[in-house]
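Peer 1: coordinates only, sequence not included:
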């Protein structure tokens, strides 16, 4: 009983700790790399290419095969003497042979090289998928942090609205202010509570979306670690340097380059069909024959008289020994005319080279546009952040003035609420600009070859 209670307590503590776990950005990325279905799909594609490469290399090895045949036939025939003879018989044969290509103008070597380039491209494709998912996770992670900051802003707004309502209620009860002031403060408090609830829902939604992105089996207890961003500083953006590093580091560029090499090698493979193929073969075999009936033969004796004798087939293993044979051969397949198919295949392969080159140009253009967009966003979001900070200072001063004017009875509670709403909105704009700038900065650093981290 005591052991059972201890076990239950241990399980309870375990599940409690698991439920309280808060994921870091690095943990989110690592989990996605191991469990994301898109990542797994590309991992399978890579494994298929690896098997194709192994098969291409194995073409150097000889082909070895064995065959066993058994045949029985039944019937009869008429001899020259007019006699009817049975032709029932049984045949058995065994053969073991091997063949290997001696010359094919390097076709096997070139096919193996092409398959190796395809493996390289699949590896880069896998890394591209991982990078895209990591960026999506980072963006959604920062979105959670943004919504949490907005929740805090709205919590502060609710607290201030509650204080104003409590103060308005007291002044109304003693007759210093009209009842409309209390109602106005109460309405503002209700509005701030609604804003807070909406902000909390958006935080939960952001957590839910990240859990879906991670493809977690259970998202209800999912939570992330908080990060405090103390300051925002400008970034020195050297677009040309970042673009150069992006061309060197981005896997989609390397994948396109590998596919160019694969296409060029495929052209070399197609050209080998103009050359003859020489193959060598070797084999051993043996056979067995049985007439399936007694063979009566007529033979003359020493006096010239015809006598009949019964002939029996040699034993099975004796025939296998006597009929054992060896074979060696070499053959050449010389192409002369195949309707121009080989020439067209080479031309088709050259077109595939042009397609691969064009794909590389497209990938570079896309990376260039992404880098330019990231650099532009960093500069623009930083300017937005500075402007939002100035707006916060101005609205904070306006709110302080409106609060003092309201306390002195020189302005209405409506004016105070407008000033407070402006201040809350400006705080939200600062948070939005801050996290937009942070993500664009991380994205720019990513293209510069710096790993994602907070």
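Peer 2: Yes, it's here. If you're wondering where the values come from, they're calculated on a predicted model, not measured in any experiment.
Peer 1: List the buried residues of stretch 215-226.
Peer 2: 216, 222, 224 (16 or more other C-beta atoms under 10 Å). Backbone N, C-alpha and C define where each C-beta goes, glycine included.
Peer 1: Can you get me a residue count around the closest residue to the second one other than its chain neighbours?
Peer 2: If the residues on either side of it in the chain are set aside, residue 222 comes closest to residue 211, at 4.4 Å by C-beta to C-beta, 6 or more residues apart in numbering. Residues within reach of residue 211, counting by other C-beta atoms under 10 Å, total 21.
Peer 1: Which residues are in contact with the nearest residue in space to residue 243 that is not next to it in sequence?
Peer 2: Distances taken as C-beta to C-beta, 6+ apart put residue 371 closest to residue 243, at 5.1 Å, once the chain neighbours are dropped. Residue 371 makes contact with 239, 242, 243, 246, 444, 447, according to C-beta atoms under 8 Å, 6 or more residues apart in numbering.
Peer 1: are any of those residues buried, and which?
Peer 2: Buried among the contacts of residue 371 by 16+ other C-beta under 10 Å: 242, 243, 246, 444, 447.
Peer 1: Which members of those are the farthest-apart pair?
Peer 2: Taking C-beta to C-beta as the measure, these span a maximum distance of 10.9 Å, between 243 and 444.
Peer 1: per-domain residue ranges of the chain.
Peer 2: Per automatic domain parsing, the structural domains of the chain span 22-61+104-275+335-447, 71-103+279-334.
Peer 1: most tightly surrounded among these?
Peer 2: Comparing the domains of the chain by mean neighbour count (mean count of other C-beta atoms under 10 Å), domain 22-61+104-275+335-447 ranks first with a mean of 17.
Peer 1: so how far does that domain reach from one end to the other?
Peer 2: 28 Å (C-alpha to C-alpha, to the nearest Å).
Peer 1: average model confidence for that domain?
Peer 2: The pLDDT scores in domain 22-61+104-275+335-447 average 91.
Peer 1: where along the stretch 151-300 of the chain do the strands fall?
Peer 2: 277-290, 295-300 (DSSP state E, counting those that start in this stretch).
Peer 1: Among those, which one carries the weakest average confidence?
Peer 2: Going by mean pLDDT, the lowest-scoring of the strands of the stretch 151-300 of the chain is strand 295-300, which has a mean of 59.
Peer 1: any idea how far the residue nearest to residue 222 lies from residue 69?
Peer 2: 64 Å (C-beta to C-beta, to the nearest Å).
Peer 1: Would you mind pulling the contact partners of stretch 115-122?
Peer 2: Stretch 115-122 is contacted from outside by 42, 45-46, 48-50, 52-53, 55-57, 254-255, 258-259, 261-262, 265, using C-beta under 8 Å, 6+ apart.
Peer 1: any chance of the domains of the chain in a markdown table, with distance to residue 453 too?
Peer 2: Shown next, in a markdown table, are these (distance: least, C-beta to C-beta, whole Å):
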| stretch | distance to residue 453 |
| --- | --- |
| domain 22-61+104-275+335-447 | 7 |
| domain 71-103+279-334 | 53 |
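Peer 1: Including distance to residue 358, could the buried ones among the contacts of residue 371 go into CSV?
Peer 2: CSV is the format used below for the buried ones among the contacts of residue 371 (distance: C-beta to C-beta, whole Å):
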residue, distance to residue 358
242, 24
243, 20
246, 20
444, 27
447, 23
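Peer 1: Wasn't residue 92 part of a helix?
Peer 2: No. If the criterion is DSSP: H, G, I helix; E, B strand; the rest coil, then residue 92 is strand and not within a helix.
Peer 1: quick one: the closest residue to it other than its chain neighbours from residue 348, how far?
Peer 2: Leaving aside its chain neighbours, residue 92 sits nearest to residue 288 (4.3 Å; criterion: C-beta to C-beta, 6+ apart). Using C-beta to C-beta, residue 288 is found at 52 Å from residue 348.
Peer 1: show me what contacts residue 257?
Peer 2: Residue 257 neighbours (C-beta under 8 Å, 6+ apart): residue 360.
Peer 1: sorry, that was for residue 316
Peer 2: Contacts of residue 316 (C-beta under 8 Å, 6+ apart): 92, 288.
Peer 1: how close does it get to residue 69?
Peer 2: Residue 316 is 15 Å from residue 69, where distance means C-beta to C-beta.
Peer 1: How about residue 450?
Peer 2: To residue 69, residue 450 is 69 Å away according to C-beta to C-beta.
Peer 1: Same check on residue 245?
Peer 2: Distance of residue 245 to residue 69, computed by C-beta to C-beta: 67 Å.
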